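Asks: Got a predicted model here, sequence first, then my questions.
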Amino acid sequence: MGVVAQGRAAITAHRADRRSGLSQREKCCVLVYRRTYSVCVAAIGFLLFLEVCLLYLPDPFTLEPLVSAENSAVTLLIWTHPFGRYGKLPDCSALFQIDGCTLTDDERAYPQADAVIVHHREVAKGTAELPPDPRPSAQKWIWMNYESPAHTPILWRFEGVFNLTLSYRTDSDIFLPYGYLIPREHTDRTPQNRYAHPLHTPSHSHLLKPRLLAWVISNWSESHARVAFYYQLRRYVQVDVFGRAGRPLPEDSGGGSVVRLVERYQFYLALENSQHTDYITEKLWNAVLAGAVPVVLGPSRKNYERFLPPEAFIHVDDFPSVRGLARYLLMLRRNPVRLRRHLDWRGSYSVHQPAFWAEHYCTACRAVRRNRHKTDVVKDLTYWFRS
Ligand SMILES: *[C@@H]1O[C@H](CO)[C@@H](O)[C@H](O)[C@H]1NC(C)=O
Ligand SMILES: *[C@@H]1O[C@H](CO)[C@@H](O)[C@H](O)[C@H]1NC(C)=O
């Protein structure tokens, strides 16, 4: 894998503020990336990345416009704690070196707040109302949502209401995915990297993991494409199923224990509950962390390739039949040299999974500071989010 894939990973990670203000430099990066067919262009692209795209890593405050921290400071009101679960508000400066942010969940700050983050679930289900009229004129309302369109009801009610979107979609105004790769040579450049996990190329013993294929599934539904896929796959290979519908998960069933469980497997089924643009969740990143090769069902292969090198995952669409896929997995099990091709990319990356919701709030705050004097309106929320 060459510079192209590395650049790709870098670019996907850094599209914050994209829809509302793709700068010339970013456009140039995207263009360069799209024409990566000749080696020459790739080389130029790489140089440009080093010089230009790095500016858009989720940090660099040294590159902020020249305004003093004081007059660019903003107050961000968290309208509801997502899913009704109280979470301590983060110190963006200490955690991410994002300065000038006052975060509050006290609604008395509403008239003065520069921006309000509204999490979709609560206002859609009616457990919370939108902020009241009159709406402060320079205030930005930010729509935040990490569910797939299939689980995002009543979008139509919010047409023309919000000013910015914050979601896992790469074309959100404020983009923050469930996880992303950071090329190793960039890892000292962003504060987020304190929280990133370096990946490793597998040792020989690592390639010979004892078990073949695992799947952790919490929401089993016969209507999901992933369940139909599983029924077919298990005709050809052993699938160890964990979660409510299978074997019990280890005690603390947070992300950490899933990763430890999956570490014993060569492959992991990272099957999304529904298939939508950029909807690639922690299932994928848990497999990556665990060093298992993810077998993915979700958006298209091309879409996954925005986030990962092409050989880093096996897509269910790579094979004309589920049987073909099963055979391929069994072939790889017997053939460590071939399996290694799916894992060698790891040596060049770290993986970062943003914590819900601290990094989301701080990333939003940074975007609000940057967009301060602009007017933004999210017009086609339903159409856009479902596209
Ligand atoms: C589980 O899946 C069903 C069917 O798609 C869906 O209606 C439900 O909201 C899901 N539950 C959770 C907790 O995601
Ligand atoms: C925010 O959106 C509202 C509703 O569309 C709009 O009236 C207002 O001008 C926007 N404000 C800013 C600061 O973008």
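Replies: Now that the structure is in, tell me what you want to look at. Numbers count the residues shown, from 1 in each chain. Ligands and ions are numbered 1, 2, ... in the order given.

Asks: All the helices of the stretch 201-350 of the chain, residue numbers only.
Replies: Taking DSSP state H, counting those that start in this stretch to define them, one finds helices in the stretch 201-350 of the chain at 204-207, 225-233, 255-262, 282-290, 301-304, 322-334, 336-340.

Asks: Would you reformat the ones you listed as TSV and include mean pLDDT, distance to ligand 1 and mean neighbour count?
Replies: (C-beta placed from N, C-alpha, C; glycine too.) Supplementary listing: these in TSV, determined by pLDDT from 0 to 100; distance: least, C-beta to the nearest ligand atom, whole Å; neighbours: other C-beta atoms under 10 Å:
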stretch	mean pLDDT	distance to ligand 1	mean neighbour count
helix 204-207	83	33	12
helix 225-233	97	10	17
helix 255-262	86	16	18
helix 282-290	96	13	23
helix 301-304	98	21	16
helix 322-334	98	21	16
helix 336-340	95	33	14
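
Asks: Reformat the ones you listed as CSV; add distance to residue 381.
Replies: Formatted as CSV, the helices of the stretch 201-350 of the chain follow (distance: least, C-beta to C-beta, whole Å):
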stretch, distance to residue 381
helix 204-207, 45
helix 225-233, 25
helix 255-262, 30
helix 282-290, 25
helix 301-304, 21
helix 322-334, 36
helix 336-340, 43
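
Asks: And the ones you listed: which comes nearest ligand 2?
Replies: Closest approach to ligand 2 among the helices of the stretch 201-350 of the chain (C-beta to the nearest ligand atom): helix 301-304, 29.7 Å.

Asks: Identify the residues contacting that closest one?
Replies: Residues outside helix 301-304 that contact it (C-beta atoms under 8 Å, 6 or more residues apart in numbering): 277, 278, 280, 284, 296, 298, 310, 313, 315, 317, 318.

Asks: from those, which ones fall inside strands?
Replies: Mapping the contacts of helix 301-304 onto strands (DSSP state E) picks out 296, 315.

Asks: got a list of what residue 327 touches?
Replies: Applying C-beta under 8 Å, 6+ apart, the residues contacting residue 327 are residue 236.

Asks: Residue 140 and residue 164 touch, don't they?
Replies: Yes: if you go by C-beta atoms under 8 Å, residue 140 and residue 164 touch, sitting 5.7 Å apart.

Asks: Any chance you could list residues touching both of these two?
Replies: Residues touching both residue 140 and residue 164 (C-beta under 8 Å, 6+ apart): 115, 368, 371, 376.

Asks: and which of these is nearest ligand 2?
Replies: Looking across these and measuring by C-beta to the nearest ligand atom, the closest to ligand 2 is residue 376, at 4.6 Å.

Asks: Enumerate every residue touching the residue nearest to the closest one when sequence neighbours are not counted.
Replies: Ranked by C-beta to C-beta, 6 or more residues apart in numbering and with sequence neighbours excluded, the top spatial neighbour of residue 376 is residue 163, at 4.5 Å. Taking C-beta under 8 Å, 6+ apart as the criterion, residue 163 is in contact with 115, 140, 141, 142, 375, 376, 377, 378.

Asks: Surely the first one touches residue 143?
Replies: No: if you go by C-beta under 8 Å, residue 115 and residue 143 don't touch, sitting 11.4 Å apart.

Asks: How about the stretch 151-300 of the chain: which residue is closest to ligand 2?
Replies: Nearest residue of the stretch 151-300 of the chain to ligand 2 (C-beta to the nearest ligand atom) works out as residue 163 at 3.9 Å.

Asks: Backbone dihedrals for that residue, please?
Replies: When read as degrees, to the nearest 10, the backbone of residue 163 gives phi -110, psi -30.

Asks: Ligand 1 contacts on the stretch 101-250 of the chain?
Replies: 151, 219, 221, 223 (C-beta under 6 Å from any ligand atom).

Asks: Can you list the low-confidence ranges for the stretch 1-150 of the chain?
Replies: Scanning the stretch 1-150 of the chain for pLDDT under 70 picks out 1-71.

Asks: For it, which segments count as helices?
Replies: Using DSSP H, counting those that start in this stretch, the helices of the stretch 1-150 of the chain run over 3-12, 18-21, 24-34, 39-51, 69-72, 92-96, 120-125.

Asks: What residue in this protein is the furthest from its centre?
Replies: residue 134 (34.7 Å; C-alpha atoms, centre = their mean).
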